[in-house]
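[1] Prediction below, plus the sequence it came from.
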There are 4 protein chains.
Amino acid sequence: MVVVLKPNTPIEKRNALIAEIESMGVTVQVTEGTETSILGLIGDTTHINQFRISSNEIVANILRVQEPFKKANKMFKPEDTIIEVNGRKIGEGYFSVITGPCSVESEEQIESIAEEVKKNGATFLRGGAYKPRTSPYAFQGLGLEGLEYLKHAREKTGLPIVSEIMSPDMVERFVEDVDIIQVGARNMQNFVLLKELGKTRKPILLKRGLSATIEEWLMSAEYILNEGNEQIILCERGIRTFETYTRNTLDLSSVLAVKKLSHLPVIVDPSHGTGKAWMVEAMSKAAVVAGADGVIIEVHNNPARALCDGQQSITPSQFSQLMDKLKKLIEIEGKKLEG
Amino acid sequence: MVVVLKPNTPIEKRNALIAEIESMGVTVQVTEGTETSILGLIGDTTHINQFRISSNEIVANILRVQEPFKKANKMFKPEDTIIEVNGRKIGEGYFSVITGPCSVESEEQIESIAEEVKKNGATFLRGGAYKPRTSPYAFQGLGLEGLEYLKHAREKTGLPIVSEIMSPDMVERFVEDVDIIQVGARNMQNFVLLKELGKTRKPILLKRGLSATIEEWLMSAEYILNEGNEQIILCERGIRTFETYTRNTLDLSSVLAVKKLSHLPVIVDPSHGTGKAWMVEAMSKAAVVAGADGVIIEVHNNPARALCDGQQSITPSQFSQLMDKLKKLIEIEGKKLEG
Amino acid sequence: MVVVLKPNTPIEKRNALIAEIESMGVTVQVTEGTETSILGLIGDTTHINQFRISSNEIVANILRVQEPFKKANKMFKPEDTIIEVNGRKIGEGYFSVITGPCSVESEEQIESIAEEVKKNGATFLRGGAYKPRTSPYAFQGLGLEGLEYLKHAREKTGLPIVSEIMSPDMVERFVEDVDIIQVGARNMQNFVLLKELGKTRKPILLKRGLSATIEEWLMSAEYILNEGNEQIILCERGIRTFETYTRNTLDLSSVLAVKKLSHLPVIVDPSHGTGKAWMVEAMSKAAVVAGADGVIIEVHNNPARALCDGQQSITPSQFSQLMDKLKKLIEIEGKKLEG
Amino acid sequence: MVVVLKPNTPIEKRNALIAEIESMGVTVQVTEGTETSILGLIGDTTHINQFRISSNEIVANILRVQEPFKKANKMFKPEDTIIEVNGRKIGEGYFSVITGPCSVESEEQIESIAEEVKKNGATFLRGGAYKPRTSPYAFQGLGLEGLEYLKHAREKTGLPIVSEIMSPDMVERFVEDVDIIQVGARNMQNFVLLKELGKTRKPILLKRGLSATIEEWLMSAEYILNEGNEQIILCERGIRTFETYTRNTLDLSSVLAVKKLSHLPVIVDPSHGTGKAWMVEAMSKAAVVAGADGVIIEVHNNPARALCDGQQSITPSQFSQLMDKLKKLIEIEGKKLEG
């Protein structure tokens, strides 16, 4: 951490600040500039409250040198994290394909989709039982019933299941029922939930928030890691920008950033990332060659009748064509499609 | 709702779509354009799943005519909602000043700040007992102990207290302990929490999410209203933009928008909205003349020692000067400072 | 165009508005809703001044049905535009690779880079003679001298040259000297310049503005088309968002959108799109499989000594490796690398 | 400037980098951290090409300590710049009210508006002769004829005139005809234009770009200052965000930032900043109390017939009411309404 002082700071105020900073457990080295001086903080600054320093009247600015995340940081754990779910590996060298409907609508629906996508190469089944919807008047999901149907679909197909959790009091049930617990974009900074999930040993699929920076996203992973759970899969799902043609702007460069900064796997959601079914294939291909460890795709047997996200869901037969193209690219990338 | 069809749509497909839409309980009127036709939906479209329509292959686009919120909508309840808390009114015609530290740090701290701000015209006391922090290594608040200290400060000063809730399992306790329950920006779309709060009859201070549109913000209020709780105060606290000089970009025009679209009161948070203590006075004044129903301001006895948000907290004496200026403007606006 | 009226509009005001709109050369059809009525405008609405309508006191909102661009619109010219430059084709079915340094620094520099990139499969040479720089103290380009060096490099290698224009008075010279005239992101809405370029018959490389919507970008192309020049290549180069890890956020879905909405070719600039040399390869690959018609990449013989954009320039040997990977993907996409 | 090195950098590479940096005319001081080392650059770093340093393989990051603008910087010219136009002062202590129609439509229109607004306290007359419009099919302004009508209106009322320039070849004419030359948001980084304007001694009204940071805005002022013209008035006119209810998001905190960072005057444009006539009054009031040196407001005698921006124009009688309210606030702020 570097503290930039205001010009013409009285020496005694500067010394007082240095003493205060050093009392936080780091050493300070001064660099005298022509107009301003800077203080370099030597030691572990992760725990330092930078706002406490920045509110000192002689401080002009604070510049961070170190990333604020430690356990998610590749610098401290250079080997890539590989997560195993029912024998399937997720992470560097593997490619995972998680598919299924936005929401579980009935037992028949989820089972028939599960069978179709499995046939076409999906490695995990997703389906929403609890749905975070902008409107209270929109379909809110089947709840526990939905989880039951998902379990039946898993039994029939062998596909591990992924479903979204919405509050801390559901953790116990989700740990028992699903194979990967999804934290949606709107809950990326639901810290109470993150801490509870950190206490479990279940794999967590952590979606990037609508307007979360890459650093904030990794800090949310840090919340889970800090409680002891290292099974985290990050998921880029598009960010909010001024562009309205697409539902969100899919930020594929974030995949590269995460792979550089962290050891955690990262997958891509082209369905939410674009909001348009006809864009899903191309953006899935782009995700593969950009280095993602997988994709999560909404597939629905009848998108025009879907209770949610119909406009961004593809059909099983479109999924089948998409997989033909993905397989070629996965091979070129030297990765293994796990399933 | 207006459904725009693709050019050259076969008549039978169009008829099928019309039949489907009418089965949802509305009437359809067709307007034939030169290149495209449009369907006008007549009736209450709030409950219509627009994505189900938009995923139909002959649909080019859907345009909404009606706002998606009903209970928060001024069109359906033209008179302004006035909320009473311990005899103090919040809403059109009144001006509320909620102040206090970012987080409760000790009994002495909160009590001394409470006394100071009361003396200078604050009408409510705020203080965080549970703190949503980006980093798991940052101070997370005193928890229940913090709530106790707040209650002591209320006893001493008579100021009603406002504190932030972080998860649904805290609702019962907060209902008992605090006077206004704050929902932070990160929880604006924590729908489980909103529903629980909707079941209470406590006033809720609902902050706008970091990247929430005004419509989404009102839809979150709708979640609470839909469960029966009409005691909602909205709070503009800045949105995330590309600008990094300020912590957020305070969107004062949202105050005007909310007052136009809804009957609910709306206040402004210049502390989070700018992230800079020296900007708080000017932006508070701007909030008054823009028509806000109040402000929420972080005040700390020693910002340089604050455990959080020191850089945006003002001192009690700065608050006193600020209030002198606000009072003049509140008078010019013809409002009553409640307290 | 659909005009939404406010509730309870007096019939005579509505009739007056209808008469006014019909005087603009379109027909109006009324749909009576339960709460509001809407007016459907039938005919060509491209020339209608929608703000004139929206400022009428009885108008609640205006919804556009038609895209505002005509000549750039795929609906009116379904066949893809293919541009020929010195025998090389740009557009659907072909893949173009435009490379070279951010700025021309010397005759030796541009010639040696030109030879290197040609050897490795580049199909066009780029180089800045005039540089739009945020700071007046930064290197502003060699100007006319730079253009001369570019022409020498073209003579030696046969690569057609691309260079950025900065003002209307340079048009004549650029038409004579370069093969493709680049309009930079900051000039995307320099309408005087666009009109002048529209009067030429030179191919124009039109970059998307930093915060331009896809529609505005196509409207800028429309300015050029409207003057008679149909030789336009669009270029996605990243948009400005809240994320600061990358210089911009590369919006690959805009490539899909442009290919859907327009007949014009679109290429991708991963160098500016990310601002990081180490991201260029992966994002170039992603551009190919997302359907782009080409890429424009900054290559410098010695990035650490580059007078601009060194941090996002790759070396000729990195470019060579990148091309090995691109060629495979171009083949899979069934496209022809033109050169 | 602070250069952060990657961990475990070989000493000889570090020494080579230090030598290279020192050859640019600054001194380097090293601070050895536990994980990384940092280099502090001592001296004037304005002219240093930071990207040249950041592309060095051992550099992890560069942090700027100094602002990149010098002549616009309050640190180097602490006294506020006051601009005099025909005897009227613009800057700290004064409040300017610039009003008039979006575009000059006829001689009668501009003269009658000019007389009305003068009567109600406007201190400058604005009117567009050349209009940058997103669509080539929209009204592009009357051009030279418009300038003539503006001059007639000035003769009749004595109000100095403000009009927007669109390209460098118009500079001579504008210098002769108008009193303040406006540079629109889309031309904020038209550097050729800025340099030409820098060579004149006319006051320049420099609008903030749609997605320009405050720093970039001041750097554009620096382009003008660097050529010798110190007569610059900055104008906040709203930035582009994800919010679509308003045309832009008016960033009033930028007024505070500019007044802190620079000595130049800054005014506010609530018409473009919101895009809604009914928001203009409240946001104008907010601009006064936030500390702006003036406002620029679109006034039209018949907004429903305006050839541009009708939806955000107020009528002369609304302007009159607005001025009554502004005058009170200007007085409270201790400023002088110039005129």
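    Noted; the coordinates are in hand. All of these numbers come straight from a predicted model, not from anything done at the bench.
[2] contacts, neighbours, all on C-alpha from now
    Fine.
[3] Those residues of the stretch 51-200 of chain A touching chain B, which are they?
    A:51-56, A:68, A:132-138, A:166-169, A:186-187, A:189-192 (C-alpha under 8 Å from any C-alpha of the partner chain).
[4] now these: which count as buried?
    Among these, those classed as buried by 16 or more other C-alpha atoms under 10 Å in any protein chain shown are A:51-56, A:68, A:132-138, A:166-168, A:186-187, A:189-192.
[5] Go ahead and report the secondary structure state at residue A:280.
    helix (DSSP: H, G, I helix; E, B strand; the rest coil).
[6] In terms of pLDDT, where does the residue nearest to it when sequence neighbours are not counted sit?
    Nearest non-adjacent residue to residue A:280, counting by C-alpha to C-alpha, 6 or more residues apart in numbering or on different chains: residue A:270, 5.4 Å away. Looking at residue A:270, its pLDDT is 98.
[7] Identify the residues contacting residue A:270.
    Contacts for residue A:270 (C-alpha atoms under 8 Å, 6 or more residues apart in numbering or on different chains) come out as A:237-238, A:250, A:279-280, A:283-284, A:295-297.
[8] So which residues of the stretch 101-250 of chain A form strands?
    A:124-126, A:161-165, A:180-183, A:204-207, A:232-236 (DSSP state E, counting those that start in this stretch).
[9] just these: most buried one?
    Scoring the strands of the stretch 101-250 of chain A by mean neighbour count under mean count of other C-alpha atoms under 10 Å in any protein chain shown gives strand A:124-126 as the most buried, with a mean of 29.
[10] what helices or strands is that one leaning on?
    Here strand A:124-126 touches strand A:94-100, strand A:161-165, going by 3 or more C-alpha pairs under 8 Å, 6 or more residues apart in numbering or on different chains; DSSP states H and E.
[11] just checking, residue A:180 touches residue A:202?
    Yes: using C-alpha atoms under 8 Å, residue A:180 is in contact with residue A:202, at 6.6 Å.
[12] Which residues of the stretch 101-250 of chain A lie near chain C?
    Counting by C-alpha under 8 Å from any C-alpha, the stretch 101-250 of chain A sits next to chain C at A:211-214, A:241-246, A:249-250.
[13] of these, buried ones?
    A:211-214, A:241-243, A:245-246, A:249-250.
[14] Quick one: find the helix or strand in chain A with the lowest mean pLDDT.
    For chain A, counting by mean pLDDT, DSSP states H and E, helix A:50-54 ranks last in confidence among helices and strands (a mean of 79).
[15] other SSEs contacting it?
    Applying 3+ C-alpha pairs under 8 Å, 6+ apart, one finds that helix A:50-54 contacts strand A:59-63.
[16] Tell me which strands the strand it packs on pairs with, and in which orientation.
    strand A:2-5 (antiparallel) (DSSP bridges).
[17] Dump the partner strand to CSV, keeping only the CA atoms.
    Taking Å, rounded to 0.1, in the frame of the first residue of the first chain, the C-alpha atoms of strand A:2-5 are listed here in CSV:
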residue,chain,number,x,y,z
VAL,A,2,1.2,3.5,-0.9
VAL,A,3,0.0,6.6,0.9
VAL,A,4,0.3,9.8,-1.0
LEU,A,5,0.6,12.9,1.2
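[18] Show me what the mean pLDDT comes to for stretch A:141-152.
    For stretch A:141-152, mean pLDDT rounds to 96.
[19] now swap in stretch A:274-289 and tell me
    The model assigns stretch A:274-289 a mean pLDDT of 97.
[20] Tell me which residues are up against that stretch.
    A:238, A:246-250, A:252, A:268, A:270-271, A:294-295, A:297, A:309, A:311-314, A:322, A:325-326, A:329-330, A:333, C:252-253, C:256, C:282, C:285-287, C:289-291.
[21] The residue in the stretch 201-339 of chain A positioned nearest to chain C sits in which helix or strand?
    Nearest residue of the stretch 201-339 of chain A to chain C (C-alpha to the nearest C-alpha) works out as residue A:286 at 4.2 Å. If you go by DSSP states H and E, residue A:286 is part of helix A:277-290.
[22] right, is the helix or strand following that helix up against chain C?
    Counting by DSSP H and E, the next helix or strand C-terminal to helix A:277-290 is strand A:294-298. No: Strand A:294-298 is not in contact with chain C by C-alpha under 8 Å from any C-alpha; minimum separation 14.4 Å.
[23] Give me the packing partners of strand A:294-298, helices and strands only.
    Where contact means 3+ C-alpha pairs under 8 Å, 6+ apart, strand A:294-298 is packed against strand A:94-100, strand A:266-268, helix A:270-274, helix A:277-290.
[24] Residue D:229: which of these is closest?
    Proximity to residue D:229, assessed across the helices and strands packed on strand A:294-298 by C-alpha to C-alpha, is greatest for helix A:270-274 (47.0 Å).
[25] For that closest one, what is the distance to the chain centroid?
    Between the centre of helix A:270-274 and the centre of its host chain there is 14 Å, according to C-alpha atoms, centre = their mean, to the nearest Å.
[26] Let's see it as PDB, backbone CA atoms only.
    The C-alpha trace of helix A:270-274 is given here as PDB (Å, rounded to 0.1, in the frame of the first residue of the first chain):
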ATOM      1  CA  PRO A 270     -23.900 -17.100 -22.500                       C
ATOM      2  CA  SER A 271     -27.700 -17.300 -21.800                       C
ATOM      3  CA  HIS A 272     -27.900 -14.600 -19.200                       C
ATOM      4  CA  GLY A 273     -24.800 -12.900 -20.700                       C
ATOM      5  CA  THR A 274     -26.700 -12.100 -23.900                       C
END
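[27] Only the buried residues of it, if you could.
    Within helix A:270-274, the residues that count as buried by 16+ other C-alpha under 10 Å are A:270-274.
[28] same deal with stretch A:58-77?
    For stretch A:58-77, burial by neighbour count (16+ other C-alpha under 10 Å) applies to A:58-63, A:65, A:68-75.
[29] Show the contacting residues for the closest residue to chain B within the stretch 51-200 of chain A.
    Closest residue of the stretch 51-200 of chain A to chain B, C-alpha to the nearest C-alpha: residue A:55 (4.3 Å). Residue A:55 sits next to B:303-304, B:310-312 when contact means C-alpha under 8 Å, 6+ apart.
[30] One more pass at 10 Å, please.
    Neighbour list for residue A:55: A:61, B:276-277, B:302-306, B:309-313 [criterion: C-alpha atoms under 10 Å, 6 or more residues apart in numbering or on different chains].
[31] what's the answer for residue A:319, then?
    Counting by C-alpha under 10 Å, 6+ apart, residue A:319 has contacts A:99, A:116-117, A:120-122, A:280-281, A:297-300, A:313.
[32] Now do the SS call for residue A:92.
    Residue A:92 - assigned by three-state DSSP - is coil.
[33] Alright, that wraps it up for me.
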